[in-house]
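J.: Sequence unavailable; structure follows:
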């Protein structure tokens, strides 16, 4: 069965360190997204990609970057981790086109100390 | 800024009862989707309703959309303990990705 996998599931890092969260999907979807989930805010879009070599900033992109070198992967990098980036991060993918349902991974819980 | 806003924030009901959650949004949309999130897991797509549709059903789920009031409701009939989860609405419009509300936490008590 196709799936979307995030790793690691839990990560603790120190302020100022660079951190990369992995996202791998086997749906062969063109669209991939990174969200963060915080209490009271729902899910907020960080970055997204509509295909290989395409990346775009979302609502809360400061301090984050992504790259898309193939269809399956969209790693999220925190350039210099800050305590404000402590959150649960979700990766999602969807087929091309507007309004297509999102398929989510199970999240990475990141703690920045 | 959030587009969708669910109401209530939390809801507790007994098994077998119906659960109704509402979603209000601010601007015109193309589609509205409902998702469920179990504790510690990712969101799972439940149902999509397009702006030209008024009602959709899927199993025990019924979704309505009133574009004049910019609101949607999700009804879960004959609820079960396994329906305990958070429920989110997400809206999109042309040129804009999905925007999620803060969610409704549903507890179904045995």
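T.: Happy to help now that I have it. Just so you know, these numbers come straight off a predicted model, no measurement behind them.
J.: Tell me where the model's unsure across chain B.
T.: B:1-3 (pLDDT under 70).
J.: Return the residues of it in contact with chain A.
T.: Chain B comes close to chain A at residues B:2, B:4, B:30-31, B:33, B:35, B:40-45, B:48, B:50, B:88, B:90, B:92, B:94, B:97-103, as judged by C-beta under 8 Å from any C-beta of the partner chain. C-beta: built from backbone N, CA, C; applies to glycine.
J.: try it again with 6 Å
T.: Within chain B, the positions lying close to chain A (C-beta under 6 Å from any C-beta of the partner chain) are B:30, B:31, B:41, B:42, B:43, B:45, B:92, B:97, B:100, B:101, B:102, B:103.
J.: Give me the spatial nearest neighbour of the fifth one, chain neighbours excluded.
T.: Leaving aside its sequence neighbours, residue B:43 sits nearest to residue B:35 (C-beta to C-beta, 6 or more residues apart in numbering or on different chains; 4.1 Å).
J.: quick one: residue B:64 from chain A, how far?
T.: 18 Å (C-beta to the nearest C-beta, to the nearest Å).
J.: Can you tell me the element that residue falls in?
T.: Assigned by DSSP states H and E, residue B:64 falls within strand B:61-66.
J.: Could you spell out the sheet neighbours of that strand, each with its direction?
T.: Sheet pairing of strand B:61-66 (DSSP bridges) gives strand B:55-58 (antiparallel), strand B:71-76 (antiparallel).
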